[in-house]
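Undergrad: predicted model, plus sequence, below.
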Amino acid sequence: MPGTAVVTAEQRTQIKEIVCEILELEEEEVSDTSLFKEDHNADSLGAIEILSSLERTFGIEIDQGELVRMVNMNGVISVVQDSMGR
């Protein structure tokens, strides 16, 4: 059974920096619930870049099937947390 990892405040900041850099957004523009595609015009390539960057940064493996959950900051943080707990 996978353990439950907790994403620290510092890691949350890192995740948001990665997302904003790839999507070319200012951090103030992105809330925890704003939708990347609908609210920020992100494309699927951006999502794949985010996934890849998170894997490198945190030394985790994220299944591409998780992209469907990575629609906003809350989703991305949840996916990273689940991947860290494996």
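TA: The structure has been received and is ready for your questions.
Undergrad: chain center to stretch 46-59: distance?
TA: 8 Å (Cα atoms, centre = their mean, to the nearest Å).
Undergrad: buried residues in that stretch?
TA: Within stretch 46-59, the residues that qualify as buried are 46, 47, 49, 50, 51, 53, 54, 58, counting by 16 or more other Cβ atoms under 10 Å. Bear in mind the C-beta positions are built from the backbone N, C-alpha and C, glycine included.
Undergrad: among these, which two are most distant?
TA: 46 and 58 (18.3 Å; Cβ to Cβ).
Undergrad: what's the mean pLDDT across the helix or strand containing residue 45?
TA: If you go by DSSP states H and E, residue 45 is part of helix 44-58. Helix 44-58 comes out with an average pLDDT of 96.
Undergrad: and the following helix or strand past that helix, what does it pack against?
TA: Using DSSP H and E, the helix or strand that follows helix 44-58 towards the C-terminus is helix 73-84. Helix 73-84 sits against helix 9-23, helix 44-58, with contacts defined as 3 or more Cβ pairs under 8 Å, 6 or more residues apart in numbering; DSSP states H and E.
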